[in-house]
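>>> Return atomic coordinates for the entry below.
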Amino acid sequence: MPRQFFIGGNFKMNGTAESITSIINNLNSSQLDKSSEVVISPPALYLTLSRQLANPNIGVAAQNVFDKPNGAFTGEISVEQLRDTKINWAIVGHSERRVILKESDEFIARKVKAAVDGGLEVIFCIGETLEEREANKTIDVVTRQLNAAAKELSKEQWAKVVIAYEPVWAIGTGKVATTEQAQEVHAAIRKWLADAISAEASDNVRVIYGGSVSEKNCKELAKQPDVDGFLVGGASLKPAFVDIVNARL
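Take a look at the predicted model:
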C-alpha cells in the first residue's frame with residue numbers, strides 16, 4: 001500500500017472566528033484531492049468551532065498538548081479534553097515551541113507518548129537551525145530528536161505518528177530547502193525508521209516537509225519519493241492552500 005499523502009495546515013496564532021470560518025468554508029466548497037488526508041490546526045480557542053464547521057473528511061489538530069492527564073497546569077490542554085471535543089490530532093514539537101518556549105527533546109517525546117497513548121494521532125515536528133545546517137549537523141539533530149521519541153513509543157505506536165521535517169531556517173522566511181535537500185533528509189529519516197524502529201515503520205510512516213511551502217514549490221517537492229506531504233504555515237491561511245492540497249493532481 002502506498003503511503004497516503006498528508007497535508008497539514010498550521011494556522012499558528014492567527015485568525016478570528018470570522019476568518020477561520022471563511023478559510024474552512026473555502027476548503028469545504030473546494031474540490032480537494034480525495035486521495036490525500038487534510039488536517040487543519042487552528043488556535044486552541046477555535047478548535048471546537050473548526051470541528052463543527054469542517055467537513056468530516058477534514059481533520060482538526062491542536063497546536064499543542066500536555067504530557068499529563070489533568071491537574072494544576074494553567075494554560076495547558078489535555079489529551080482527554082481534546083478527545084472530548086472530537087479533536088483527534090495534535091502537533092507536537094514544532095520548532096517555535098522548541099526554540100521560543102525551550103521545550104526539550106525529552107519533554108516533547110513525553111507529549112507524543114501521552115497523545116498516542118490517549119488515542120490521538122500526532123504530527124511530530126523535527127528539524128535543524130541554520131547554524132546546525134551550516135555545521136553539517138542536520139542528520140545528527142533530527143536523529144537526536146527522533147531517538148527521544150523512540151525511547152517513549154512502542155514500535156506499533158509509530159503508526160499513529162506523522163513525522164514533519166521542518167528546517168527551522170526555512171520556516172516563515174521564504175527560504176525553502178531545495179527538492180534535493182528535502183529528499184536527502186527525508187531519505188535519512190526513512191533509513192532511521194528502518195534501523196531504529198522496523199521495516200514496517202519505514203514503509204508506512206509518513207514523512208512530510210514544512211518550511212515556506214507554497215503553491216509555487218509544492219508540486220516539485222511532492223514528486224520526491226520520500227516526501228509524503230506538507231505541513232503548511234502561512235499559506236494555509238490563504239485560498240492557495242487548496243492548490244497545495246492538490247499538489248499531485
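>>> all helices of this structure, in order?
Listed in chain order, the helices found in the chain under DSSP state H are 17-29, 47-53, 79-84, 95-99, 105-117, 130-134, 138-150, 179-192, 199-204, 218-222, 241-245.
>>> and the lowest-mean-pLDDT helix or strand in the chain, what other elements does it pack with?
Of the helices and strands making up the chain, the lowest-confidence element is helix 130-134, at a mean of 91, by mean pLDDT, DSSP states H and E. Taking 3 or more CB pairs under 8 Å, 6 or more residues apart in numbering; DSSP states H and E as the contact definition, the neighbouring helices and strands of helix 130-134 are helix 138-150. Heads up, the C-betas are built off the backbone N, CA and C, glycines and all.
>>> Other residues contacting the helix it packs on?
The set of residues that contact helix 138-150 without belonging to it, under CB atoms under 8 Å, 6 or more residues apart in numbering, is 93, 105-106, 108-109, 112-113, 124, 126-128, 132, 161, 163, 165, 167, 185, 188-189, 192, 196-197.
>>> Just the buried residues from those, in PyMOL please.
Typed into PyMOL, the next command selects the buried ones out of those (criterion: 16 or more other CB atoms under 10 Å):
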select buried, resi 93+105+108+109+112+113+124+126+127+128+132+161+163+165+167+185+188+189+192+196+197
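>>> pLDDT score for the spatially most distant residue from the centre of the chain?
Farthest-out residue of the chain from its mean C-alpha position, per CA atoms, centre = their mean: residue 72, at 27.6 Å. Per-residue confidence at residue 72 stands at 98 (pLDDT).
>>> Identify the spatial nearest neighbour of residue 130, chain neighbours not counted.
What sits nearest to residue 130 in space, not counting adjacent residues and going by CB to CB, 6 or more residues apart in numbering, is residue 169, at 3.7 Å.
>>> no no, residue 91
Once flanking residues are discounted, residue 91 sits nearest to residue 123: 4.6 Å by CB to CB, 6+ apart.
>>> Contacts only, for the one you found.
Residue 123 makes contact with 8, 39, 41, 61, 89, 90, 91, 92, 162, 164, 208, 231 under the criterion CB under 8 Å, 6+ apart.
>>> in the sheet, who's paired with the fourth one?
With DSSP bridges applied, residue 61 shows beta-bridge pairing to residue 89.
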